[in-house]
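> I need the structure of the sequence given here:
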Amino acid sequence: MVLNNLSQSFVIYFPQNFFYPDVNDNWLPLIKRMYLPYRTTEDFMNAQIQTISFPSIAAPAVTQGRWQYEIHKRNGKELDQLFPKEPINITFKLTESYMSYFIIREQFDLFLKYFDIQPLYWAPITVSLLDDAGMETISYRFVQITPTNLSDMSLSYAARLGTYNTFSLGFHYNYFEIWYRDPETGKLQLHHKYDMVREKNQKDMIIQSRNNINNKLSVYDQNHK
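I've put the predicted structure just below:
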């Protein structure tokens, strides 16, 4: 059976207010003058997204010696710790007047300013998988976005009609969330979220363990003086 990719759709979208106010002020009037006007800059850029390089999972097993044999066990990391920290790339198509490219370029430029400093991270980016009816089945929400690279763009008079060029944006993320659709309620429910409290508790446990060891060593030294 040949699978039809039209029934296996996905959506990548920037949330509202993703772009800085300066970007909206400069580009939204031009976007609304287009033949197919868009309501916001985010709607326009969401419509230009083509592909995304979804991160893989690498979970190398831990090898342990057992007599003359080697056995393998799972490592001590969870899913959010196993995702590679390589940049995720989103591919956009170039539109008339190359607007899509220069909107992202200005957003990137403002992010790197020394003065008029913007927030430390971009707003979260969501990737949702859709069923045949267009309903979300699972969503990945990448949190604390840091842009890392923007590809080049070639201006050429030799461009052919009926074709379009693309460019890509790379970004790092620190954490992610997974949302599944509940078959009973039909609503998306949070399945996995990076737990900052858990990390803090783990650090507190390590510090407490070190303090206990130091206390025991101190008592041992005093008893053997």
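> Specify the local secondary structure of F44.
Put simply, F44 is helix when judged by DSSP: H, G, I helix; E, B strand; the rest coil.
> Quick check, pLDDT for the closest residue in space to it that isn't next to it in sequence.
Distances taken as Cβ to Cβ, 6 or more residues apart in numbering put Y38 closest to F44, at 4.1 Å, once the chain neighbours are dropped. For glycine as for every other residue, the C-beta is placed from the backbone atoms N, C-alpha and C. Looking at Y38, its pLDDT is 87.
> now the one 4 residues further on
As summarised for this prediction, E42 has a pLDDT of 92.
> list the contacts for it?
Listed by Cβ atoms under 8 Å, 6 or more residues apart in numbering, the contact set of E42 reads 13-19.
> Report the buried members of those.
13-14, 18-19 (16 or more other Cβ atoms under 10 Å).
> Next SSE downstream of the helix or strand harbouring T148?
For T148, the element it lies in under DSSP states H and E is strand 136-150. Once strand 136-150 ends, the next helix or strand along the chain (criterion: DSSP H and E) is strand 166-181.
> What are the buried residues along the strand holding T148?
Neighbour counts over strand 136-150 (16+ other Cβ under 10 Å) mark 136, 138-143, 145, 147, 150 as buried.
> average model confidence for that strand?
pLDDT averaged over strand 136-150 gives 88.
> packing partners for that strand?
On a contact count with 3 or more Cβ pairs under 8 Å, 6 or more residues apart in numbering; DSSP states H and E, strand 136-150 meets helix 99-111, strand 125-130, strand 166-181.
> Kindly export it (C-alpha atoms) in CSV.
Extracted as CSV, the C-alpha positions of strand 136-150 are listed here (Å, rounded to 0.1, in the frame of the first residue of the first chain):
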residue,chain,number,x,y,z
GLU,A,136,-4.1,17.5,16.1
THR,A,137,-3.0,14.0,17.4
ILE,A,138,0.3,15.0,19.0
SER,A,139,2.2,18.3,19.4
TYR,A,140,5.8,19.1,20.3
ARG,A,141,6.4,22.5,21.8
PHE,A,142,10.0,23.6,21.7
VAL,A,143,10.7,26.1,24.6
GLN,A,144,13.4,28.7,25.1
ILE,A,145,14.3,29.2,21.4
THR,A,146,17.8,30.6,20.6
PRO,A,147,18.3,31.3,16.8
THR,A,148,21.7,30.2,15.6
ASN,A,149,21.9,30.6,11.8
LEU,A,150,20.1,32.0,8.8
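> Quick check: bridge partners of the nearest residue to Y164 once chain neighbours are set aside?
The shortest distance from Y164 to any non-neighbouring residue, by Cβ to Cβ, 6+ apart, is to K93 (5.1 Å). When bridges are called by DSSP bridges, K93 pairs up with T166.
> burial of K93, as a residue count?
Look at K93: counted by other Cβ atoms under 10 Å, it has 14 neighbours.
> Next: Y69.
Quick note: Y69 (other Cβ under 10 Å) scores 7 neighbours.
> And it, how close does it get to L112?
Separation of Y69 from L112 (Cβ to Cβ, to the nearest Å): 54 Å.
> next one: E136
E136 is 33 Å from L112, by Cβ to Cβ.
> Could you do Y20 as well?
12 Å.
> ok, these two, which is more surrounded?
Y20 (19 against 9).
> Now that one: closest residue in space that isn't a chain neighbour?
L110 is the one closest to Y20 (Cβ to Cβ, 6+ apart), at 5.2 Å.
> Kindly report the same for I57.
Nearest to I57 is L82, by Cβ to Cβ, 6+ apart, at 5.5 Å.
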